[in-house]
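**Q** attaching a predicted model along with its sequence, questions to come.
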Amino acid sequence: MSDLDLSPLLQRLEGLHQQGRTALLPALHEAQSLYGYIPQPAAEAIGRALNVPLADVYGVIEFYSLFYSQPVGKTVIHVCNDPACALAGSETLFKQIRFQQEAAPTGSSPPSLTVEMAPCLGLCEHAPAILVQGQPFGRANRQTWQDLVNGKGERPSSLVGGTVAILTANCGLGHTVELSEYLDLGGYQALRKAFQTQPRQIIEEIKNAGLVGRGGAAFPTGLKWEAAANAPGAVKYVVCNADEAEPGTFKDRVLMEDDPHSILEGIIIAGYAVGAQKGYIYIRGEYLRSYEAMKKAVDDAREAGFLGNNILDTDFDFDIEIRRGAGAYICGEETALFESIEGKRGFPRLKPPFPTTHGLFGKPTVINNVETLANVPVIIRKGAAHYRRLGTEKSPGSKLFCISGDVVRPGLYEVPFGIPFHHLLYDLAGGVRPGHHFQAALFGGAAGAFATPDHLNVRLTFEDLKEAGLPLGSGVITVFDETRDLRDVCLRLARFFAEESCGKCYPCQMGTQRQFEIMERIASGKVYQEDWERLQDVGWTMTDSSLCGLGQTAASAILSAMKRFPHLFQPA
Amino acid sequence: MDESIRMTIDQQNVQAAAGSTILQAARQAGIEIPTICYHDHCTANGLCRICVVEVEGVRTLQPACVVQARDGMIIHTRSERVIRSRRTILEMLASSVDLSESPEILTMLTQYHSDAFRFPDAEARHPAVIDDNPMYIRDYAKCILCWRCVQVCAEDAQFTYAINFSGRGFETQISTFYEIPMPESTCVFCGQCVGVCPTGALKPKREWLLEMGYSPDEIMSLTRSQRQRRKRREENSPNPS
Amino acid sequence: MLKGEKVVPTTCPYCGVGCNLELHVQDDFIYKVTSPFDSVVNHGNLCVKGRFGYDFIYHKERVTVPLIRKQPQKPGQRTQAFDRSEWREVNWDEALDYTADRLTEIYQRDGSKAMAVYCCAKATNEDNYLLQKFFRAVFRTNHVDHCTRLCHAASVVALQMAIGSAAMSNTAAEVKDCDVFILTGSNPTENHPIIALQMKAAVQKHGAKLIVVDPRRIEMVNYASLYLPIRPGSDVPVFSAMAHVILKENLYNRQFIEARTENFDAFAASLEKFTPEFAEQVSGVDRQLIIEAARMYAAARNAAIFWALGIPESTHGTANALSLINLALLTGHVGRKGTGLNPLRGQNNVQGASDSGAMPWHYPGYQAVDNEENARRWEQAWHIEPGGLNRQRGLTTTEILAAVHPGGVRALYIMGENPMMSEPNLNHTRKKMQELEFLVAQDLFINESGAFADVFLPAASWAEKEGTFTNTDRRVQRVRKVIPPRGQSRPDWEIICDLAKRVESRLNRPRSAYWDYRHPSEILEEMGRYVPDYAGIRYERIEKVGLQTPVPTLDHPGTPYLYSERFPRGRAKFHTLEYIPNAEMPDEEYPFVLSTGRVLEHWHGGTLTRHSWMDDLFPEALMDIHPADAARLGIMDGSPVRVTSRRGSIVLRAKVTTKTNIGVVFIPFHFREAAANLLTTDALDPQAKIPEYKAAVVRVTPASEEELTAILESQPRGRY
């Protein structure tokens, strides 16, 4: 420990120390990239440079699963453990790599290889997926582990389909659309148009378009912007929530990796509309490629004068900073995300007050999902009326669906709101894998609910799904054929929540753990008579009484499974 | 803020000063709402959710300690949903933490007909007692994560920031920087944390020793300064670098 | 889980904050201390001493039997006896008769001038009132003083000169009502921990701005808007330069000056020389910082000044304090909530001991001894024939020791204090202690001073007696008997009464001064009859919450802040000042300025805290030195150093830290094995007679582990 050379870290900290605590996660990422983990003296140096109490520095390191306070292997492999990857054999893959790890010569410290199970990596259409030193590989069961360790494997490229191509117009081209190409395709026209109108009118346009949030909560975007615009205070922020971590979801990753400028354009317009000076893009730590694509886009946009002072010769100043998460599903919750940007543990805040008045750094803040923001240039460029030509009255426009699991063509599909589920499943995604039939689908990810064959005709709109008791969520659908044991799926979801609960409020902190333990019993067939009631009590207590959306939905899939497949939860 | 507001709590008309929390309004009206993490002199964070109540028109149950009462609210403090949540939270606590020195929580367990052994084979948190300083011990097997100690160590009182958390979720524990012994941390041994700990997880060392059966005389003969001074001398002497 | 037999509320015996405590007891063992969260003083918060530092009560070294030295001691050859084998255990009658005999003998032979007493800022108001009464009424001497002389004497003198009273003008907790406050010569984080919390909250939660003026980079600097790192002893130039700026930029409060002050014109003229440039030259502080500080303080709606011993413990301590008073008068930042002149008092009852007359120039209530009317009043109170009380100002603590010689002071009575640790220039103190003819120690432990005594009277601790303490913001609070006195120990007030009666009968006094109190409450009532500020205080009135003096009547609610209408002397007076350098200035031979003080975990001479488990937290003396100085001298963190002044030399470990500035070293004075006061100078402030503890010049050289070990091993047996 004493021969640790802190000088490169100290050098990098020089650039960060002005920012103070908000630079904590970036500083920890720096330390980890230098040393492979965060040695105590490095953490101490960071705390002193950023003026963060040391105990708090440790608290933050401990909160995020991608930060290590102890030495780890030279190569770190994360194997995705979400339902879609499990269906594709991630468990076996994990065991194989683990076996190699254990067979490696011992005594060398740190070990050369560290392998860990990871929550959904957002590569469900390439299942089973892994990260090797942060770099993604798809269908990893087809490679030898040596190839994987050496970075040889299938680099996943976007699988994009659907019946319309509005948000995905520039996606699936096999490369990232760069600034010049984006401009050729009509990019930043919406921004120019926006600058010719008053901010109020932009907000009106968004309201008229009926755009609602695509992150899962479906809150009307225009109202959110209006509230932030009206909130008192000169300093305001726009935050793009790119902490896509809902198991089964990968739409934001595709948008960021394929068409980053469309998102930037949306953020800049949002900033102009609400009177913000700064935007943040918070990208989950596992999305290294998205981070790199967005980073380049921001740099290019700044270079070209779309960011910075006097954008496009207006008096509007606006810039964007990109932040990386570090392995915490909870940071997709908007207030937890703010805490994370502020350099703290990702604990969700009590609401009210809401972000539109007390958001990032306590200032009025608009926080929108990536897909939501990608809709903005579309609406502004062609107008609300044009936007409303697709979809239904209550669910206008198009929607991205992430379909994975036991389907022939997993991938990202853009469709107008209102098509029936079976159309998406059978006509677009090619139906259930050959020789099998549809048993169930998980709508909305881990925080979602199960659809049965009875739901095949349901129309994919907010209103229809609500009536059917299914969440649209972020547009994720994981399909299971008749061979799959849904108890195992529920167990995975329960483990996911037990691992991702932040631990702040009691119902979720302990409920996710108890739910996981009961599901372990149920999945292994050793059910107690009273487990049904226990699971119901725990589930409803979390749903009713948890502090944030994570806890409130941590039981939703299991409760829906209990409702639709009660026999699975009974003693044999 | 001199205005007063009116609401209904358990069919009772209640008047309170604007800005009151539901908890304050209820307590003024003599309606008892249980609390665990709440402390009059700490920032309320709404962690334990034992104080949840049902507010008509609101989807989820609301923590009374932090939610502001509003004019016209209709509040139920003992509805079926409320009781289920409170009972289950207490049962989960009992299955996770040693509550033997939390008489108030034990009383609640009885009041809510909670079964302390509701969850068979449940993993409990039972880290070993940390006895790393002469002033107080930390027995986190009794810690209910009410956060009071962390808060009074920080902005709620002391501005010392010696403790924060390790782990997350169920694995959360109060911890110093890299779990270093307390004397190596920024701790100034004010014991503010001990003062607000509701479960005996933090305890003056002499109280702890007395409980373990040592007599006062035996306790007072345990002074370690001589030993420490010697130890320190040994550590320092062969250190020419 | 302990149920505990009882929980008793009382007041903390350590610092001047006066925190409210609840002692939890089982089998007469205090196993826990809590504090009520609704306490107006400390809101449930405590520091390590208040929360955990009471175990000295049960320490095996505590003396709970009266002792008389086996070997009779002779002046000039007096020795220290730490070991119990050098003492004979006796009963109270024998101890008190012996003491009475010896005191009477000396008094009858040499008269009043031979008798002196050190009262105690740790003891109760009642104890102190009685002890000064004993020496004044029975021995007719005013050689009565206590450690206030060594802490805030200069503040007291300055405040009396300028304002006519000598206490904190405002309540400490009012700091949250300040817009700006100056903190100077004070390290509240360690010395007034609860006030430090209130100050931090004021900055962090209430938007107050803090200006720190200090030669050490104390922890509060982290909360400061401005930090002026002055050279030790440059206080007058810096604060006068601030006044200069305020005057020049027309930021002063003309209305206040006209209505409530005098001598402004002379003062204004005297400021001409105190330019920021001059202050920068003397203090080393960037003039721009001085100008900014002046503007910030002057522009505030409410601004206060808090100071502690860095101001008074100087040969120009009175001038230092006057420079602060001048600033407050110039801006009118006094007499309102959230403003004021606030000397933070050190000891739990230094305010009360001073109020109770434990001072050589004043009877209780700051009534001058050389005033005929006052003397008459007290003669009446104590049933003394007219003209019986001594009208001459007595000697101060340092002067008392200086006067120990044949024909001077022969008998010294020490209640609770430890001059052999707390006086400056201890080698000199030692000689003087040796010269005494008779020495009484009344204490819990045989400390460095008690070890010189002929007789040791075991006193009850604060938890074993009833009484009152008056805290730094003048709040009189109850002290309660929580457990019975250990062994044969007795409360100080009882010992004093018992002894006084024995002396009176030996002197055949026609009338007793009265010593038949049944309860300490009667003592406070007696004092209240003659001290208007205490007239309205009764034990019943302060059972739950203390009252802040002045409390002139039984229905008076107490006084949170002073001088809203008028100053005690009528108009407050501006004083013209001169810059006077410290008695010693660094030179080639002694290049460092030594500052002394306390650390959080210890108290003064260490009699209590070094008999506590707190000693485990801070077991040995450390000298703070700046990294640049350390590097230059080849000193590593933790390595032994020898520190030498013109008066003495000690060896201890260095702590390399930026908490101290270049050219300044800091040593706490708690550790007998490296007693800082062996180095300090006994040069005194001419007006207040306070020594210059904060600025002795020293030389620092690397030492060997052997030198350090030799000193540690030479500790007297049975200590620590």
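**A** Nice, I can see it. The structure displayed is predicted, hence computed values, not measured ones.

**Q** residue 156: which element?
**A** If you meant another chain, say so; for now it's chain A. Using DSSP states H and E, residue A:156 is not contained in any helix or strand.

**Q** that answer is for a different chain, and I need it for chain C
**A** Assignment of secondary structure by DSSP H and E places residue C:156 within helix C:153-162.

**Q** contact partners of that helix?
**A** In this structure, residues lying in contact with helix C:153-162 by CB atoms under 8 Å, 6 or more residues apart in numbering or on different chains are C:148, C:165-167, C:307, C:311-314, C:317-322, C:325-326, C:329, C:341, C:343, C:354, C:366, C:396, C:569, C:572-575, C:685, C:687-690. Using the backbone N, CA and C atoms, a C-beta is placed for each residue, glycine as well.

**Q** now, which of the residues you listed lie within helices?
**A** Counting by DSSP state H, these place C:317-322, C:325-326, C:329, C:354 in helices.

**Q** looking at the residues you listed, which one is closest to residue C:233?
**A** residue C:320 (8.6 Å; CB to CB).

**Q** which ones are touching that closest one?
**A** Contact partners of residue C:320, counting by CB under 8 Å, 6+ apart, are C:154, C:158, C:185, C:235-236, C:239, C:311-312, C:314.

**Q** how many neighbouring residues does residue C:106 have?
**A** Neighbours of residue C:106 under the rule other CB atoms under 10 Å in any protein chain shown: 18.

**Q** quick one: contacts for it?
**A** Contact analysis of residue C:106 by CB under 8 Å, 6+ apart lists C:114-115, C:410-411, C:437-438.

**Q** my guess is it is in a helix, correct?
**A** Yes - under DSSP: H, G, I helix; E, B strand; the rest coil, residue C:106 falls within a helix.

**Q** and it, how far from residue B:29?
**A** 73 Å (CB to CB, to the nearest Å).

**Q** and for residue C:2?
**A** 36 Å.

**Q** got a list of contacts for stretch B:186-193?
**A** Contacts for stretch B:186-193 (CB under 8 Å, 6+ apart): A:53-55, B:133, B:135-136, B:148-149, B:152-153, B:157-158, B:160-163, B:176, B:182, B:202, B:204, C:33, C:44-48, C:51-52, C:193, C:600-601, C:617.

**Q** now for that stretch, what's the gap between its first and last residues?
**A** End-to-end distance for stretch B:186-193: 14 Å, by CA to CA, to the nearest Å.

**Q** what's the mean pLDDT across that stretch?
**A** Across stretch B:186-193, the average pLDDT comes to 97.

**Q** now do the strands in chain B.
**A** With DSSP state E, the ranges of strands along chain B come out as B:4-9, B:12-17, B:52-55, B:62-63, B:74-76, B:136-138, B:164-166, B:173-175, B:202-204.

**Q** now those as CSV including mean pLDDT and distance to chain A?
**A** Below are the strands of chain B laid out as CSV (pLDDT from 0 to 100; distance: least, CB to the nearest CB, whole Å):
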stretch, mean pLDDT, distance to chain A
strand B:4-9, 96, 16
strand B:12-17, 96, 18
strand B:52-55, 98, 5
strand B:62-63, 98, 8
strand B:74-76, 98, 13
strand B:136-138, 96, 14
strand B:164-166, 98, 3
strand B:173-175, 98, 7
strand B:202-204, 97, 15
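
**Q** just the element for residue C:183, please.
**A** Residue C:183 belongs to strand C:180-184 when assigned by DSSP H and E.

**Q** is that strand up against chain B anywhere?
**A** No - judged by CB under 8 Å from any CB of the partner chain, strand C:180-184 and chain B are separated, with a smallest distance of 15.0 Å.

**Q** who touches that strand?
**A** Counting by CB under 8 Å, 6+ apart, C:175, C:199, C:202, C:208-214, C:220, C:224, C:235, C:293, C:296-297, C:299-300, C:302-307, C:310-311, C:324, C:327 sit against strand C:180-184.

**Q** among these, which ones are in strands?
**A** Counting by DSSP E, the contacts of strand C:180-184 place C:209-213, C:303-307 in strands.

**Q** can you put those in JSON lines and add distance to chain A?
**A** As requested, the ones in strands among the contacts of strand C:180-184 are arranged in JSON lines below (distance: CB to the nearest CB, whole Å):
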{"residue": "C:209", "distance to chain A": "18"}
{"residue": "C:210", "distance to chain A": "17"}
{"residue": "C:211", "distance to chain A": "20"}
{"residue": "C:212", "distance to chain A": "17"}
{"residue": "C:213", "distance to chain A": "23"}
{"residue": "C:303", "distance to chain A": "27"}
{"residue": "C:304", "distance to chain A": "27"}
{"residue": "C:305", "distance to chain A": "28"}
{"residue": "C:306", "distance to chain A": "25"}
{"residue": "C:307", "distance to chain A": "28"}
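
**Q** please consider this matter closed, and thank you.
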